[in-house]
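In: Pasting the sequence and the predicted model now:
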Amino acid sequence: MKTKRSTRFAIAITVMATAIVGVAPAASAASPGFRDVSNQYQFYREISWMSEKGITTGYAGNWFRPEWEVSREAFAAFLYREAGRPSVSLPSRSPFKDVSTKDQFYKEIVWLESKGITTGWSDGTFRPELAIDRNAMAAFLYRYKGKPSFKAPSSSPFKDLRTSSKFYKEITWLRSTGITTGYADGTFRPYGNTSRAATAAFLFRGFGSSSYKAPAYEAPRSSWNASSVLSVARSQVGYKEPSWRNNKYNDWIDGNSAWCQVYVGWVFWQAGYPEYVPLEEYYDKGFNPPSGRTTFVDEAQAAGVVDWNVSLSDLDPGDVVLINWGDGQGVSHAAIVDRVSGNGAWFYEGNTTSGTGSSDRGVFHRWRPLSVLDAVFEPQDYYDATH
């Protein structure tokens with residue numbers, strides 16, 4: 001916590017931390033410590049189990065990154081660890097022409113092949129870095145279970161899966177075990193990729209115990225690294241919105257609103273800091289959200305972290321600013337601070353124009369004067385206040 005922020009907020013966090021320590025019994029279990037998987041997360045129990053079993057160690061810095069896709073090599077590693085890390089006789093020549101004997105998961109992939117869980121592709125490749133799709137995951141799990149006796153139903157339980165589909169038996173077996181229920185719209189989406197969170201759910205349903213109780217959650221409090229956020233933000237510069245509010249950021253949140261704050265949320269999620277900013281489809285009440293919907297500005301204000309008296313010394317790389325165009329409508333734009341320059345700063349912004357007179361909206365790296373900045377908050381402050 002930086003001294004430039006509210007002393008009252010710093011005291012509140014101290015009191016909160018003291019209260020948590022005081023309430024938790026001395027013998028209570030600690031969580032795996034993933035920053036992006038709190039006890040409010042949908043699959044907290046499943047991911048906790050996966051961590052305790054040693055199936056996953058997450059990423060450096062106590063990140064699990066639940067929404068990231070799972071690659072074929074990572075799934076091989078997950079199954080190998082679930083099996084108890086059995087000994088493997090490693091051949092001097094790889095069974096797949098795109099898997100080197102020096103690859104990080106060579107042992108796990110060899111084990112997967114030796115057990116008949118995978119045969120790879122017809123061209124002799126395994127394609128380790130390719131995201132594993134849902135039908136391949138079903139096939140791997142079915143084979144890992146020893147190809148149990150199962151009679152596939154005569155009519156498909158999923159409206160996007162034919163009885164003649166290559167992995168029909170494996171997918172319907174997966175459903176019969178309760179490992180998957182498919183999607184609410186009645187589809188299985190066999191060629192869709194699977195997130196790390198969904199994979200944890202699949203593995204827990206297949207191999208976990210119904211009596212498992214997830215440990216108490218204790219949020220990690222080490223400092224974050226803004227450079228990864230800026231790197232992701234920078235990678236999006238030049239993106240142009242195909243049509244009015246139809247863009248990959250609104251698609252990501254399944255929304256159709258002004259999207260400056262959605263871009264900010266997307267950047268933080270992709271950088272591995274998903275809970276460091278509010279994740280909201282709507283910016284503030286001025287953008288007419290449906291009744292009962294919260295907004296980006298609402299959530300930041302509710303956390304008590306917004307500094308409404310901005311000076312250049314308040315702006316650090318990775319901070320999030322609220323911009324006021326001076327049109328009488330108050331704050332109506334959000335951006336990520338890159339660096340201070342002159343009497344203003346450079347920002348990464350979505351849902352804006354280039355400032356050259358072009359009407360094309362997209363993601364830009366733009367300089368703005370201090371005069372348009374109404375407020376700023378630190379993502380670390382927001383995370384601490386909401387956990």
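Out: Great, that's in hand.
In: Go ahead and confirm Phe204 touches Glu46.
Out: Yes: with contact defined as Cβ atoms under 8 Å, Phe204 and Glu46 form a contacting pair (4.0 Å). Backbone N, C-alpha and C define where each C-beta goes, glycine included.
In: any idea whether the most centrally placed residue in the chain is helix, strand or coil?
Out: In the chain, the centroid-proximal residue (Cα atoms, centre = their mean) is Glu67; its distance is 3.5 Å. What DSSP: H, G, I helix; E, B strand; the rest coil gives for Glu67 is coil.
In: same check, this time on Asp123
Out: coil.
In: and it, how many neighbours does it have?
Out: 9 (other Cβ atoms under 10 Å).
In: can you check Thr181 too?
Out: Neighbourhood size, Thr181 [other Cβ under 10 Å]: 11.
In: picking that back up, show me what contacts the residue nearest to the centre of the chain?
Out: Each residue near Glu67 by Cβ atoms under 8 Å, 6 or more residues apart in numbering is listed here: Ser195, Arg196, Ala197, Trp269, Pro274.
In: Using a markdown table, lay out those residues together with pLDDT, neighbour count and secondary structure.
Out: Below are the contacts of Glu67 laid out as a markdown table (pLDDT from 0 to 100; neighbours: other Cβ atoms under 10 Å; DSSP: H, G, I helix; E, B strand; the rest coil):
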| residue | pLDDT | neighbour count | secondary structure |
| --- | --- | --- | --- |
| Ser195 | 91 | 17 | strand |
| Arg196 | 94 | 23 | helix |
| Ala197 | 93 | 23 | helix |
| Trp269 | 89 | 22 | helix |
| Pro274 | 82 | 22 | coil |
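In: and which of those is nearest to Glu129?
Out: Arg196 (15.0 Å; Cβ to Cβ).
In: dump the residue contacts of that closest one.
Out: Residues in contact with Arg196, defined by Cβ under 8 Å, 6+ apart, are Thr56, Phe64, Arg65, Pro66, Glu67, Trp68, Glu69, Val70.
In: which residues are contacting stretch 200-209?
Out: 43, 45-47, 49-50, 55-56, 66, 78, 82, 137, 141, 145, 177-180, 194, 212.
In: Can you turn the buried part of these into a PyMOL selection?
Out: In PyMOL syntax, the buried subset of the contacts of stretch 200-209 is picked out as below (16 or more other Cβ atoms under 10 Å):
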select buried, resi 43+45+46+47+49+50+55+56+66+78+82+137+141+145+179+180+194
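In: Which ones among the contacts of stretch 200-209 map onto helices?
Out: Mapping the contacts of stretch 200-209 onto helices (DSSP state H) picks out Arg45, Glu46, Ile47, Trp49, Met50, Phe78, Glu82, Met137, Leu141, Thr177.
In: you'd agree the first one is up against Tyr212?
Out: Yes: using Cβ under 8 Å as the test, Arg45 is close enough to Tyr212 to be in contact (7.1 Å).
In: Just the pLDDT for the residue nearest to the centre of the chain.
Out: Here the pLDDT value assigned to Glu67 is 89.
In: Go through the lengthiest strand in the chain and flag the buried ones.
Out: Looking across the chain with DSSP state E, the single longest strand is strand 331-341. In terms of neighbour count (16+ other Cβ under 10 Å), strand 331-341 has its buried residues at Val331, Ser332, His333, Ala334, Ala335, Ile336, Val337, Asp338, Val340.
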